[in-house]
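[1] How does the following fold in three dimensions:
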Amino acid sequence: MKTLAKVPCSVITGFLGAGKTTLVRHILQNSSGRRLAVIVNEFGDVGIDGEILKGCGAADCTEDRIVELSNGCICCTVADDFVPAIEQLLNLPEPPEHILIETSGLALPKPLVQAFNWPAIASRVTVDGVIAVVDGAAVAAGRFADDPEALLSQRREDASIDHDNPLEEVYEDQLLCADLIVLNKTDLMTGDDRGRVAGEIKAVVPRAVKIVEAKGGEIDSAVLLGLGAAAETDLAQRPSHHDQEEGHDHDDFETFIIDIPQLDQPGDLIERVKKTADAHDILRVKGFAEVKGKPMRLLIQGVGSRLQHQFDRAWHAGESRQGRLVVIGQKGLDREAIAQSIAGT
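    Here you go, the predicted structure:
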C-alpha cells in the first residue's frame, strides 16, 4: 500500500525576507534520514535561494532533488513549470518521501494549492500543509500593516483608489491560506511586540491556525511536517483577495540584477547597500560576492535596510565567482541610481 500512498508536500510561503530559505535549510539539515526534495521558486531569473540550499550539505537532499524554477511565479506557470517539476522528482530512482516547495516571496499560495488537483499529479501528491513564515520584526515595525482608519480616510478623499495596498494583499493571502504560521525573528522583537503581532495575525485569519515562534527559522521538523492537512481538498476555507480573478500578475513589483566586482573587504559594500535600500525603499536584496583572498563565497541577504552577510560555503572548482545582487522592489525603481549608489560611483 505504501507505493500507492500520495507523497506529502509542504508549501512554504511568506513575504520577502521572512526566512523561508533558512527554514527549509534547517529542515534539510535535520531530516533524520528522511528522503526530502525541494522545489524553490524565485522572482526573477537568478536562483539565489536554490544555491543557498545546495550549499547546505544535507546528505538526505542531494542536488538532483533540488529543482529551481525561475521562469516566473510558480503559481502562474503551473502547466509549464510546476507539474513537470513534481513529475521529475517523483520519477527519480529513489523518489522523495516528502517534498518542500518554497514559493517566491511575491507568490499567492492558493493558486499553487489548487494546482495539486491537476489530473497529472492529483493521485500522486497531496499538500501536507501550507506554512506561512512571517518576519515578525518587520511586521512589528509596521512595514506591511496599514492603518485601517487612515486608509479609509484616504479612500474617501481620492476616488481613484479602488484596491488595497498590494504588499498587504500578498501578506494577507499568505496568512489566509496557512495551516501553520511561523512568527520568525522573535529575537528581534520585544514580548509586547510578539503578542501584538500574533493578535494582528489572528484578526486577519478567520479560522483557528496555530502560530509558533522561531529564531532564525529553527523549528523541529516534527512540528512542520506531517500536518496531514490535504489543503487541496478544502480550498473554500482559504479565502483570498483574488478569489474572483482568473489569475494574477506581479506588475506591482520588479526585480533586476547588479554585478558586483571582487571585494577587498565587505564592510563598505554592506554600508552602501543599507543606505541605498533606505533611500530607494528597496524591499529585498540577496546575492553573493567574492572577497579577495577568501576561499569562501560571501552570502548577502537583506530586508529593507536590515542586512546580514556571512561566508556560507567554499567556492566550487571551476565555478564562476562573478558577484551578483538581486534587487526587488515595487514598480518604478530607479535602477541606474540604485546601481550607482551600490557601486559607490
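
[2] In this structure, which residue is most central in space?
    Centroid-nearest residue in the chain, with CA atoms, centre = their mean: Gly105, separated by 4.0 Å.

[3] measure Thr233 to Phe116 for me?
    Remark: distance between Thr233 and Phe116 (CB to CB, to the nearest Å) = 9 Å. C-beta: built from backbone N, CA, C; applies to glycine.

[4] The two: which has the busier surroundings?
    Phe116 (24 against 13; other CB atoms under 10 Å).

[5] I figured the more buried one hits Asp128, correct?
    No - look at Phe116 against Asp128 with CB atoms under 8 Å: they stay out of range, at 10.6 Å.

[6] Show me the common contact partners of these two, please.
    Cys9 (CB atoms under 8 Å, 6 or more residues apart in numbering).

[7] The top strand by length along the chain packs against which elements?
    Determined from DSSP state E, the single longest strand within the chain is strand 125-135. Secondary-structure packing of strand 125-135 (3 or more CB pairs under 8 Å, 6 or more residues apart in numbering; DSSP states H and E): strand 7-14, helix 20-29, helix 109-115, helix 166-176, strand 180-184.

[8] If we use 6 Å, what do you get?
    Applying 3 or more CB pairs under 6 Å, 6 or more residues apart in numbering; DSSP states H and E, one finds that strand 125-135 makes contact with strand 7-14, strand 180-184.

[9] Tell me the spacing between the residue nearest to the centre of the chain and Asp135.
    Distance from Gly105 to Asp135, counting by CB to CB: 10 Å.

[10] and if you look at Ala229?
    Distance, Ala229 to Asp135, using CB to CB: 23 Å.

[11] Then Val285?
    14 Å.

[12] do Met296 as well
    26 Å.

[13] quick one: which of those two has more around it?
    Neighbours were counted for Met296 and for Asp135 using other CB under 10 Å; Asp135 has more, 26 against 14.

[14] State the pLDDT value of that one.
    The score at Asp135 is 92. That number is its pLDDT.

[15] isn't it right next to Leu16, touching?
    No - checked against CB atoms under 6 Å, the pair Asp135 and Leu16 is beyond contact range at 8.3 Å.

[16] Which residues does stretch 213-232 contact?
    Residues from elsewhere that reach stretch 213-232 (CB atoms under 6 Å, 6 or more residues apart in numbering): 19, 22-23, 26-27, 30, 98, 113, 116-117, 126-131, 179, 182-184, 186-187.

[17] What subset of those is buried?
    With burial judged by 16 or more other CB atoms under 10 Å, the buried subset of these is 19, 22-23, 26-27, 98, 113, 116, 126-131, 179, 182-184, 186.

[18] about what we covered before: would you tell me which of the helices and strands packed on strand 125-135 gets closest to Val170?
    Nearest of the helices and strands packed on strand 125-135 to Val170, taken as CB to CB: strand 7-14 at 9.6 Å.

[19] quick revisit: which non-adjacent residue is nearest the residue nearest to the centre of the chain?
    Leu16 (3.5 Å; CB to CB, 6 or more residues apart in numbering).

[20] residues near that neighbour, how many?
    Residues near Leu16, counting by other CB under 10 Å: 25.

[21] Let me know the secondary structure of it.
    What DSSP: H, G, I helix; E, B strand; the rest coil gives for Leu16 is coil.

[22] taking the mean pLDDT, what do you get for the helix or strand harbouring Gly329?
    Following DSSP states H and E, one finds Gly329 within strand 323-330. Across strand 323-330, pLDDT averages out at 83.

[23] For that strand, list every residue counted as buried.
    Gly323, Arg324, Leu325, Val326, Val327, Ile328, Gly329.

[24] mind listing what that strand pairs with, with the direction of each?
    Using DSSP bridges, the strands paired with strand 323-330 are strand 253-260 (antiparallel), strand 284-289 (antiparallel).

[25] Render the CA-only coordinates of that strand in PDB, please.
    The C-alpha trace of strand 323-330 is given here as PDB (Å, rounded to 0.1, in the frame of the first residue of the first chain):
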ATOM      1  CA  GLY A 323      29.300  38.500  -7.700                       C
ATOM      2  CA  ARG A 324      25.700  39.400  -8.300                       C
ATOM      3  CA  LEU A 325      22.900  41.100  -6.200                       C
ATOM      4  CA  VAL A 326      19.200  40.700  -6.900                       C
ATOM      5  CA  VAL A 327      17.200  43.800  -6.100                       C
ATOM      6  CA  ILE A 328      13.500  43.600  -5.600                       C
ATOM      7  CA  GLY A 329      11.100  46.500  -5.000                       C
ATOM      8  CA  GLN A 330       7.800  48.000  -6.000                       C
END
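
[26] how far away is the nearest residue to Leu90 once chain neighbours are set aside from Glu68?
    The shortest distance from Leu90 to any non-neighbouring residue, by CB to CB, 6+ apart, is to Arg124 (5.8 Å). Shown here: Arg124 relative to Glu68, a distance of 21 Å by CB to CB.

[27] Those two: which has the busier surroundings?
    Legend: neighbour count by other CB under 10 Å for Arg124 and Glu68, higher for Glu68 (20 against 15).

[28] Any idea what the more buried one is bridged to?
    Beta-bridge partners, per DSSP bridges, of Glu68: Val40.

[29] pretty sure it is in contact with Asn41, am I right?
    No - here Glu68 does not reach Asn41: they are 7.9 Å apart, not a contact under CB under 6 Å.
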